[in-house]
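A.B. asks: got a sequence here, can you model it:
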Amino acid sequence: MTTKTVLTELVDQAFERNSFPEAAGDKAVTCLADFLSCALEAADLPWSRQSFALAAGRTGDCAIVGEAGGFTAEDAAFANAVRGHGLVREDMHAGSLSHMGVVIWPVLLALASEAADLKTRPLDAAIAGYEIGGRVGRALMTPEMARLFRPTGLIGPLSGTLAGALLLGLDRQTTVNALALVINTAGGLNEWPHSGADDMYFHPGFASRNALTAIRLARLGAHGSASAVDGVAGLFAAFGRQKAPREITLYPEGECEIMAVFNKEVPACNFAQSPCQVALAAARRVAAGDSIKAIHLSTYDAALNYPGCAYSGPFETPLQAKMSIYFGMAAAIARGEIAEANYSMLDDPRIAELIGMTSVSISDELNSAFPARQGARVRIETMAGAVIEEALDDIRSASPDLVRERLSKVAAKRLGSRQTADLDRAIDHMAQGGNNTASLAALAILTRSQVEERVS
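C.D. replies: Numbers count the residues shown, from 1 in each chain. Down below sits the predicted model:
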């Protein structure tokens with residue numbers, strides 16, 4: 001019999017919960033739609049084409065979003081995770097500093113397509129995946145750790161594996177083994193913001209594929225260390241250089257971590273969201289004929305400490321621009337909008353000029369509110385002497401309607417109007433109670449393109 005550890009306790013808690021509030025299910029549907037929207041829109045970006053090329057020559061039953069044909073579960077999960085992360089517009093959980101949806105949904109889509117005898121409702125499995133990642137991540141991740149290690153690479157494997165294990169109906173011991181094995185794959189370095197390289201895009205791909213591997217090994221009888229979270233060389237000791245909490249509670253007082261997840265308005269780093277939003281709002285109040293003299297942002301420590309966020313240039317890649325709070329604000333002001341196109345203007349002289357006018361300071365008030373709230377304050381001084389101030393107490397999330405609108409728009413371009421209508425109906429069906437494996441498997445099929453796949 002397995003000795004009680006933090007990991008076995010977490011699994012026990014996950015198995016004890018078999019129903020969730022309607023709001024949690026609605027949020028899961030929004031997160032699924034947001035994932036599909038990002039994956040479709042990113043389908044032709046270089047990292048998406050590279051991950052898709054890995055699947056060439058291996059066929060199976062699983063869909064790669066936006067492509068024709070069927071692929072193996074591992075290949076589909078890897079490619080879909082990379083696509084979901086490709087715009088840097090994926091859903092975000094601030095408490096764990098991680099993006100769990102880009103691991104959870106690829107795993108669930110692959111398993112739903114591959115097997116017919118699944119036990120747990122997909123949305124419920126997803127809610128549990130967000131829960132374990134959120135709770136463990138809150139305890140594990142610190143700003144100091146996040147400067148070195150990618151939170152999604154540490155937390156994502158747990159999230160995807162628990163969601164997948166529940167979907168398959170694995171027993172408790174097999175689930176413990178799967179989670180313990182996947183913890184051994186936790187990783188991902190945060191060197192990419194400094195170099196401008198592409199490492200980041202592939203982190204959720206590794207996590208999704210490793211989650212499937214860990215699940216398969218556990219089903220074959222492989223044993224993992226039940227002390228993989230709190231042991232002397234476990235997750236907390238190895239990465240956090242700290243002891244694990246004696247207890248991590250899932251769903252305390254009925255609360256679900258998925259409700260703390262937000263869907264991005266801005267296709268950029270989490271910490272650039274509210275600064276871009278307040279900067280654009282302030283700039284729109286500059287009077288006709290007047291011009292900007294100085295820009296000042298008040299933010300919180302975590303925003304400036306995360307790699308790449310305080311970088312002010314020069315910019316060699318769109319990813320560097322998407323991570324930079326300075327670039328995001330300046331581009332929003334220069335273009336009068338916050339859009340994907342902003343991050344291709346790396347050499348724009350007006351953006352560089354506005355970055356040069358920008359100063360940043362830390363607000364004690366905003367600091368104390370993080371991570372529950374991620375606010376921003378901006379002050380613009382104009383040449384005519386006007387002082388314009390805008391503030392947000394928290395990030396303005398993309399609404400469910402905006403998420404669905406973005407999905408319908410990009411799906412129509414890639415899949416066609418008829419298939420888009422079918423996809424919309426499939427998501428509506430899940431939202432209205434069709435939370436079953438057949439629904440998710442059908443939805444996965446609807447993400448396939450009807451044109452021949454392109455390998456590049």
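
A.B. asks: kindly provide the distance from the residue most central in space within the chain to A222.
C.D. replies: In the chain, the residue lying closest to the centroid (CA atoms, centre = their mean) is H99, at 2.7 Å. Relative to A222, H99 is positioned 28 Å away (CB to CB, to the nearest Å). Where you see a C-beta, it was placed from the backbone N, CA and C, and this is true even at glycine.

A.B. asks: tell me how far D26 lies from A222.
C.D. replies: Distance of D26 to A222, given as CB to CB: 37 Å.

A.B. asks: still on that earlier bit, the residue nearest to the centre of the chain and V88 touch, don't they?
C.D. replies: No - judged on CB atoms under 8 Å, H99 makes no contact with V88 at a distance of 9.3 Å.

A.B. asks: hey, where'd the strands end up in the protein?
C.D. replies: All strands of the chain, identified by DSSP state E, fall at 92-93, 261-262, 292-299, 358-362, 376-382, 387-392.

A.B. asks: how far does the first one sit from its chain's centre?
C.D. replies: Here the centre of mass of C-alpha atoms in strand 92-93, compared against the chain's by CA atoms, centre = their mean, to the nearest Å, lies 6 Å away.

A.B. asks: quick one: mean pLDDT over that strand.
C.D. replies: Average pLDDT, strand 92-93: 97.

A.B. asks: on that earlier part again, got the strands of the chain as JSON lines, with distance to R350 and mean neighbour count columns?
C.D. replies: Listed next are these as JSON lines, based on distance: least, CB to CB, whole Å; neighbours: other CB atoms under 10 Å:
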{"stretch": "strand 92-93", "distance to R350": "29", "mean neighbour count": "25"}
{"stretch": "strand 261-262", "distance to R350": "30", "mean neighbour count": "24"}
{"stretch": "strand 292-299", "distance to R350": "10", "mean neighbour count": "19"}
{"stretch": "strand 358-362", "distance to R350": "13", "mean neighbour count": "15"}
{"stretch": "strand 376-382", "distance to R350": "15", "mean neighbour count": "21"}
{"stretch": "strand 387-392", "distance to R350": "18", "mean neighbour count": "16"}
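
A.B. asks: out of these, the one nearest R425 is which?
C.D. replies: Smallest distance to R425 across those (CB to CB): 24.7 Å, for strand 261-262.

A.B. asks: hmm, who's touching the closest one?
C.D. replies: 27, 31, 91-94, 100-101, 130, 134, 395, 397-398 (CB atoms under 8 Å, 6 or more residues apart in numbering).

A.B. asks: give the partner strands of that strand in its sheet and their orientations.
C.D. replies: Within its sheet, and counting by DSSP bridges, strand 261-262 is paired with strand 92-93 (antiparallel).

A.B. asks: which residues does the partner strand contact?
C.D. replies: For strand 92-93, contacts defined as CB under 8 Å, 6+ apart pick out 98-100, 130, 133-134, 137, 257, 260-264, 270.

A.B. asks: ok, now which ones touch the closest residue to I258 other than its chain neighbours?
C.D. replies: Using CB to CB, 6 or more residues apart in numbering and skipping the chain neighbours, the partner closest in space to I258 is Y130 (4.1 Å). Residues near Y130 by CB under 8 Å, 6+ apart: A28, C31, H93, M100, G101, I104, S159, C256, E257, I258, V261.

A.B. asks: what count of nearby residues applies to the residue nearest to F370 when sequence neighbours are not counted?
C.D. replies: In space, F370 comes closest to Y300 once its chain neighbours are excluded; the distance is 4.7 Å by CB to CB, 6+ apart. Using other CB atoms under 10 Å, Y300 has 23 other residues around it.

A.B. asks: try the one 5 residues further on
C.D. replies: For N305, the neighbour count with other CB under 10 Å is 15.

A.B. asks: pretty sure it is touching L148, no?
C.D. replies: No - using CB under 8 Å, N305 is not in contact with L148, being 11.5 Å away.

A.B. asks: residue contacts, K243?
C.D. replies: Applying CB under 8 Å, 6+ apart, the residues contacting K243 are D230, F236, A237.

A.B. asks: repeat that for 7 Å
C.D. replies: Listed by CB atoms under 7 Å, 6 or more residues apart in numbering, the contact partners of K243 are F236.

A.B. asks: give me phi/psi at it?
C.D. replies: With angles defined as degrees, to the nearest 10, K243 sits at phi -80, psi 140.

A.B. asks: farthest pair within the contacts of strand 261-262?
C.D. replies: The two members of these with the most space between them (CB to CB) are G134 and A398, at 19.3 Å.

A.B. asks: so between these two, which is more surrounded?
C.D. replies: A count of neighbours by other CB under 10 Å puts G134 above the other of G134 and A398, at 26 against 22.

A.B. asks: for that one, give me its contacts.
C.D. replies: H93, G95, S96, E257, A260.

A.B. asks: the third one and T142 touch, don't they?
C.D. replies: Translated: S96. No - using CB atoms under 7 Å, S96 is not in contact with T142; the gap is 10.9 Å.

A.B. asks: more neighbours, these two?
C.D. replies: S96 (29 against 16).

A.B. asks: ok, the residue lying closest to the more buried one once chain neighbours are set aside - contacts?
C.D. replies: Nearest residue to S96 in three dimensions, chain neighbours excluded: G137, at 2.3 Å (CB to CB, 6+ apart). Residues counted as contacts of G137 (CB under 7 Å, 6+ apart) are H93, G95, S96, L97, S98, P151, I155.

A.B. asks: quick check: pLDDT value at G137.
C.D. replies: Among the per-residue scores, G137 holds a pLDDT of 97.

A.B. asks: quick one: S449 from H85, how far?
C.D. replies: The value you get for S449 to H85, if CB to CB is used, is 20 Å.

A.B. asks: quick one: which of those two has more around it?
C.D. replies: Neighbours were counted for S449 and for H85 using other CB under 10 Å; H85 has more, 28 against 20.

A.B. asks: could I get the contacts of G134 as a markdown table with distance to S208?
C.D. replies: Listed next are the contacts of G134 as a markdown table, based on distance: CB to CB, whole Å:
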| residue | distance to S208 |
| --- | --- |
| H93 | 17 |
| G95 | 22 |
| S96 | 17 |
| E257 | 19 |
| A260 | 22 |
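
A.B. asks: out of those residues, who's nearest A79?
C.D. replies: Nearest to A79 among the contacts of G134 is H93, at 23.0 Å by CB to CB.

A.B. asks: who touches the residue nearest to D12 when sequence neighbours are not counted in this structure?
C.D. replies: Counting by CB to CB, 6+ apart, R172 is the residue found nearest to D12 once chain neighbours are left out, at 7.0 Å. Residues in contact with R172 (CB under 7 Å, 6+ apart) are V11, D12, F15.
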